[in-house]
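> next comes the sequence, and after it the predicted model I'd like to discuss.
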Amino acid sequence: MISPECEADLARSLKRSVAAGQPWRLIGNAIPIARTDVPDLVKLGILPDPDAPGAPYTGAALDNAKQLAAKGRAGLPFYPDTWDGYPWAREQLYDLSRNAGAGDLVFLTGDSHSIWANSLKDAAGLPAGVELGTAGITSPGDFVESGFGDELSRALDKAFADHNPEVVWTDNMHQGYVRLNLRRNAAEATFIAVDTIRSRAFRPFIVNRFTIVRAGTGIGFA
């Protein structure tokens, strides 16, 4: 996921940041880093069994439901092509940051078409920072795009947050952006959506807001 040269450069940069007493360390992150294992959605009664007679899916939605159900039964990650598919590399990154004295990273993440507020932990359960994921500008959320409909898509968001300890909150229903306000001792992440992407006349509104605070040598959501 990160070349040895980039790892070495990042380690040097983090050590300089800590030594200089800089209050924040932000990581531009292309793909989600939090653990997002798929719960057994069929067993939980959230996803109608796509293999059962009369399953309420057609076309691509049926294929997508089968894939999601299979991942849930096997306990696989939702995105195997993100950091979840490279757990060793993720631990390497967390170890690198902690060795630099920077176990307080803020990951600013895109490319998942969903909103995320994630409290990161390493394999040993130690805090590793927080992740703020932004939605697509115009692309629909993954569950919506899969053809599951609004009600089921919202239920899947809740199931992922309930099942995954690192997922504090997620939302695949809106398009918008994250506004991050940094102060020396605290920060505020505001998740902002627009009411339409089909017109230049749109109304922005706040979907959720989180305060990020320091907790020992790490950070977390208040």
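That came through, no problem.
> so where do the strands sit in the chain?
Using DSSP state E, the strands of the chain run over residues 26-29, 106-109, 115-121, 127-133, 167-171, 176-182, 186-194, 204-215, 218-221.
> how about these in a markdown table, adding distance to residue 79?
(Each C-beta comes from the backbone N, C-alpha and C, glycine too.) Formatted as a markdown table, those follow (distance: least, Cβ to Cβ, whole Å):
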| stretch | distance to residue 79 |
| --- | --- |
| strand 26-29 | 13 |
| strand 106-109 | 11 |
| strand 115-121 | 11 |
| strand 127-133 | 11 |
| strand 167-171 | 12 |
| strand 176-182 | 19 |
| strand 186-194 | 20 |
| strand 204-215 | 21 |
| strand 218-221 | 22 |
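> of those strands, which approaches residue 46 most closely?
With Cβ to Cβ as the criterion, residue 46 lies closest to strand 167-171 of the strands of the chain, at 14.4 Å.
> got the contact list for that closest one?
Contact with strand 167-171 is made by 34, 36, 114-119, 133, 135, 141, 157, 160-161, 191, 207-208, 210, 221, as judged by Cβ atoms under 8 Å, 6 or more residues apart in numbering.
> and that strand, which strands flank it?
Using DSSP bridges, the strands paired with strand 167-171 are strand 115-121 (antiparallel).
> just give me how far the strand it pairs with sits from the chain centre.
With Cα atoms, centre = their mean, to the nearest Å as the basis, strand 115-121 stands 5 Å off its chain's centre.
> residues contacting the most centrally placed residue in the chain?
With distances taken as Cα atoms, centre = their mean, residue 116 lies nearest the centre of the chain, 4.1 Å away. Applying Cβ under 8 Å, 6+ apart, we find residue 116 in contact with 32, 34, 109, 131, 132, 133, 167, 169, 170.
> TSV for the residues you listed, including distance to residue 150, pLDDT and neighbour count?
Shown next, in TSV, are these (distance: Cβ to Cβ, whole Å; pLDDT from 0 to 100; neighbours: other Cβ atoms under 10 Å):
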residue	distance to residue 150	pLDDT	neighbour count
32	22	97	25
34	24	98	26
109	24	98	23
131	25	98	24
132	24	98	23
133	20	98	26
167	20	98	23
169	18	98	17
170	15	98	24
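> wait, which of those is closest to residue 44?
Distance to residue 44, by Cβ to Cβ, is smallest for residue 167 among the contacts of residue 116, at 15.5 Å.
> now the contacts of strand 167-171: which count as buried?
For the contacts of strand 167-171, a burial check counting by 16 or more other Cβ atoms under 10 Å picks out 34, 36, 114-119, 133, 135, 141, 157, 160-161, 191, 207-208, 210.
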